[in-house]
Structures are given as structure tokens and as C-alpha cells.
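Enquirer: Here is a sequence with its predicted model. Questions after.
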Amino acid sequence: MLMANTGRYAQREDFTVVVQPFFRNTIIPLDNNGKPDLSFFSMDCFHFTERGHAEMAIALWNNMLEPVGQKQSYNNFTHGRSKLKCPTPEYPFLFTSRNSGLQNTTPAVGAGDPLVPYWAVILAAIAGVLVGSVLIGVLMSRRLKKHQHERDKATEVNLTALSVCCTLAMCRKETNIS
């Protein structure tokens, strides 16, 4: 929708973007008892069935055959296929802003220019990689230091235990000798 509202493609002959609002104000169809007609929805009650897709396709097709600014913004769920519109001899085309008589719409300021220069994207990508690399390097070095500290502590405990054992062994030797 953002692309359609910029006006960037409004006056091009080879490409355009037109919002088709047929689903904007749609309400759930009701059955004869006034309850939601579940024949339009699949078992999960979220996705459409084949019938629901057919109704959406008809609404989309009809929307494309309506001039911009006069498009139907709801879907009339019915069983009849008579609501399917056909191009007329007077308008044998899909409507765009240009052929709907909205040729004087002015595109947004700078719509032809990119919003961000190409070099800024490259610079931002390089900066992101550098910042990420530095951050990973700092985190890894802190982790290595932490593990090294834990190993040193364990070695110190082992050495202390070893020295206590040696001291005890020497004490026993001395008491046995005497």
C-alpha cells in the first residue's frame, strides 16, 4: 500500500500499483438462520474454502474493472455468478490512476529519487558487520578470561589440596620415625 501511495508509478505506461479495496469493509456472510455461513471458510475458520476463494476472485476482478476512486470496498457474498463484471467496449481495460482520469495527481516529492543513497546502504552494512565482529570479539574474550580464571582457581585448589596431602604425609612420616 505504501508503494501505491507514493505516486512513483502513477504515470508510467508499462507498470503501475493500484490498491484494490474490495476486502476493506467486508463482513462475514450469514446463512438463512442469521449465523455465519461457514461454507466460505475451511475447518480452521480462518482460511477460505474453494467457494470463499471464488468469491474473493470475483471481487478482485470486479475491483480491477472499476475506476480508481470509485472502487467497491466490500464484498457481496452471494451464490450467483451474475455479479461478475466484464470489460465494456467503452472501457476494455483494467483501471489505473492514469486511465481513470486522475492524470493530474502529483507524485510525492522526490518519488523518482531513492529515499536513501546507495552508498549509505553499503556503508551501513559494512558498519554493521564491523560492530558485530567487535561485539563478538569482546564477548568471546570475556568468556575465555572467565574460563581461564575458573581453570586457574581449580588448579589452585588442586595444588592446595596436594600440598595439604603432602604436609599430612610428611607429618605422618615424622611421627612414625620418631
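Expert: Sure, I can see it.
Enquirer: all contacts plus neighbour counts: C-alpha atoms, from now on.
Expert: OK.
Enquirer: domain assignment for the chain?
Expert: 1-109, 116-178 (automatic domain parsing).
Enquirer: Quickly, which of those bottoms out on average pLDDT?
Expert: For these, mean pLDDT drops lowest on domain 116-178, to a mean of 80.
Enquirer: before we move on, back to that, so which of the domains of the chain is the most packed in?
Expert: Among the domains of the chain, domain 1-109 has the highest mean neighbour count (mean count of other Cα atoms under 10 Å), at a mean of 14.
Enquirer: Could you give the separation of that one from the chain centroid?
Expert: Taking Cα atoms, centre = their mean, to the nearest Å, one finds domain 1-109 lying 23 Å from the centre of the chain it belongs to.
Enquirer: Just give me the longest helix of the protein.
Expert: helix 118-177 (DSSP state H).
Enquirer: roughly how far out does that helix sit from the chain middle?
Expert: The answer for helix 118-177 is 41 Å, by Cα atoms, centre = their mean.
Enquirer: Quote the end-to-end distance of stretch 84-97.
Expert: Terminal residues of stretch 84-97 lie 22 Å apart, using Cα to Cα, to the nearest Å.
Enquirer: How about stretch 87-98?
Expert: Terminal residues of stretch 87-98 lie 17 Å apart, using Cα to Cα.
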